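Visitor: Generate a structure from the sequence data that follows.
(2 chains)
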Protein chains: 2
Amino acid sequence: MDDRHLVEEKLSSEELVKGHFLHAYRDIVRLPNGTTTSREYIVHPGAVMIVPLLEDAEGGVRLVLERQFRYPVGQVMIEFPAGKVDSGEDLQLCAQRELLEETGYTASQWSHAGVLHPVISYSTEFIDIWFARGMTPGQRQLDHGEFLDVFTATPTELLQWCRDGLITDGKTLTAALWLQNFLSGAWLLNWHPAATPGQAG
Amino acid sequence: MDDRHLVEEKLSSEELVKGHFLHAYRDIVRLPNGTTTSREYIVHPGAVMIVPLLEDAEGGVRLVLERQFRYPVGQVMIEFPAGKVDSGEDLQLCAQRELLEETGYTASQWSHAGVLHPVISYSTEFIDIWFARGMTPGQRQLDHGEFLDVFTATPTELLQWCRDGLITDGKTLTAALWLQNFLSGAWLLNWHPAATPGQAG
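Guide: Down below sits the predicted model:
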């Protein structure tokens, strides 16, 4: 598709602020009509989210979820496990690391579902979406200064909480879309074994 | 629920940067274990998203969508209409204004679906989710320097694009969850007439 009537072109870029966490730039861009404007945005390394499935012998599924206080919104949020990608880190290994660190679970099978861009108007962030199953519980390894509760719920409960406004985290709502369509058979996942460091693509 | 083991308390706050668009703060907070850390975040006025339904006489539905270049992610994105709330603006009036400005459509019936927080780790932003139907086409009124295409698609196409990675905008993926469950009858919407300025709550 010819998108020249939409695309903006970078003319220059300057650092706006580099905090401990937030790193922002202001670029001067040429708009499709030839005029110029500025675009300010956060540079983010990207993140992963994991939808961990606990399957019982009767075919039932429970989900591993977290409750975590999120300071910018001033609320304890219900979320799927997630975390930032380390520099150069393989995305599946990142998903495996974050699941272990935050919940203690190791999963034998993994599937890449998709990707979401949480805030396209002012951040480069992407969140890679992974499903995990074949769970073995273990000891979690929270970062210093990280506080979160781990709990489980059924898919039915999760979807009710999305409907009723108890879940408002955007990435978790997107995971609910994937989960609902995976469980109904409408959307397929390709499962493969867990990766080991040094072997991942 | 007692969340004292999760909640962080503000000790102080300083402005980190005030750009043309981005406005960021750095707060010093007390963690649940009594230690302190800093939290950096964007202050955002909030936004609305509209899921506009074009219903034909046979009960078919088409959706009004947009294609817009999003500079931070460097891509033309497929999205539902959305925009920032003006200071003090009623959220339904904001949704009606944004739908008209970006697409030219006026809707006779509106329903509030829910809210999402797109980026709970570093922004105060919320996005209020509205459904609209009873559409009358008209002339759009784009902001100066705003460039976007308006088009329509079926719900089936939208969901396929979500599954296949053609749609990665987080708010639009959340809208797809609402749309799928509304159309199946699983989630209900309460419709009411369009508001007029001065009469809205």
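Visitor: how's chain A carved up into domains?
Guide: Domains of chain A are assigned by automatic domain parsing as A:9-43, A:47-191.
Visitor: now, of those, which is deepest in the fold?
Guide: domain A:47-191 (a mean of 19; mean count of other CB atoms under 10 Å in any protein chain shown). In this view, the C-beta of every residue, glycine as well, is placed from N, C-alpha and C.
Visitor: so where do the helices sit in chain A?
Guide: Taking DSSP state H as the criterion, chain A contains helices spanning A:91-103, A:155-164, A:170-183.
Visitor: what sits against residue A:163?
Guide: The contact partners of residue A:163, taken as CB atoms under 8 Å, 6 or more residues apart in numbering or on different chains, are B:114, B:181, B:186-187.
Visitor: What about chain A: which of those touch it?
Guide: Counting by CB under 8 Å from any CB of the partner chain, B:114, B:181, B:186-187 from those sit close to chain A.
Visitor: For residue A:145, see how far away the closest residue to residue A:146 other than its chain neighbours is.
Guide: Spatial nearest neighbour of residue A:146, chain neighbours left out: residue A:102 (7.8 Å); criterion: CB to CB, 6 or more residues apart in numbering or on different chains. According to CB to CB, to the nearest Å, residue A:102 stands 13 Å off from residue A:145.
Visitor: go on, residue A:86?
Guide: As judged by CB to CB, residue A:86 and residue A:145 stand 17 Å apart.
Visitor: now swap in residue A:87 and tell me
Guide: 20 Å.
Visitor: Over to residue A:157?
Guide: Between residue A:157 and residue A:145 the distance is 30 Å, computed by CB to CB.
Visitor: Show me the beta-bridge partners of the residue positioned nearest the centre of chain A.
Guide: In chain A, the centroid-proximal residue (CA atoms, centre = their mean) is residue A:49; its distance is 3.3 Å. With beta bridges defined as DSSP bridges, residue A:49 has these partners: residue A:82, residue A:129.
Visitor: doesn't residue A:180 make contact with residue A:159?
Guide: Yes. Here residue A:159 reaches residue A:180: they are 6.4 Å apart, a contact under CB atoms under 8 Å.
Visitor: Spit out the residues that contact those two alike.
Guide: With CB under 8 Å, 6+ apart as the test, residue A:159 and residue A:180 both reach residue B:181.
Visitor: got any ranges where chain A has weak pLDDT?
Guide: Low-confidence segments of chain A (pLDDT under 70): A:199-201.
Visitor: at 80 what do you get?
Guide: A:1, A:198-201 (pLDDT under 80).
Visitor: At which residues are the strands of it located?
Guide: A:9-18, A:23-30, A:36-42, A:47-55, A:61-70, A:75-79, A:82-84, A:106-116, A:127-136, A:149-153, A:192-193 (DSSP state E).
Visitor: and the longest one, which strands flank it?
Guide: For strand A:106-116, the paired strands and their directions (DSSP bridges) are strand A:127-136 (antiparallel), strand A:192-193 (antiparallel).
Visitor: quick one: contacts for residue A:118?
Guide: Applying CB under 8 Å, 6+ apart to residue A:118 gives the contacts A:125, A:127, A:170-171, B:118-119, B:170.
Visitor: For residue B:53, state which of the residues you listed is nearest.
Guide: residue B:170 (21.1 Å; CB to CB).
Visitor: do you know how far that closest one is from residue B:79?
Guide: To residue B:79, residue B:170 is 10 Å away according to CB to CB.
Visitor: what sits in contact with each of the two?
Guide: Common neighbours of residue B:170 and residue B:79 (CB under 8 Å, 6+ apart) are residue A:120.
Visitor: Can you verify my assumption that residue A:112 contacts residue A:129?
Guide: Yes. Using CB under 8 Å, residue A:112 is in contact with residue A:129, at 7.4 Å.
Visitor: I'd assumed residue A:130 was in contact with residue A:92.
Guide: Yes. Counting by CB under 8 Å, residue A:130 is a contact partner of residue A:92 at 6.9 Å.
Visitor: Now list whatever residues contact both of the two.
Guide: What both residue A:92 and residue A:130 touch, as defined by CB under 8 Å, 6+ apart, is the set A:110, A:112.
Visitor: isn't residue A:73 right next to residue B:122, touching?
Guide: No. The criterion here is CB under 8 Å, and residue A:73 misses it with residue B:122 at 10.3 Å.
Visitor: Excluding covalently adjacent residues, which one is nearest to residue A:118?
Guide: Residue A:118's closest residue in space is residue B:170 (CB to CB, 6+ apart), at 4.3 Å.
Visitor: In this structure that neighbour contacts residue A:117, no?
Guide: Yes. Counting by CB under 8 Å, residue B:170 touches residue A:117, with 6.1 Å between them.
Visitor: Find residues that contact each of the two.
Guide: Common neighbours of residue B:170 and residue A:117, counting by CB under 8 Å, 6+ apart, are residue A:127.
Visitor: how near is residue A:47 to residue B:162?
Guide: Applying CB to CB to residue A:47 and residue B:162 gives a distance of 19 Å.
Visitor: oh, I was asking about residue A:46
Guide: 20 Å.
Visitor: contacting residues for residue A:120?
Guide: By CB under 8 Å, 6+ apart, residue A:120 lies in contact with B:70, B:72-73, B:77, B:79, B:169-170.
Visitor: Settle this for me: residue A:103 is touching residue A:139, isn't it.
Guide: No. Using CB under 8 Å, residue A:103 is not in contact with residue A:139, being 10.2 Å away.
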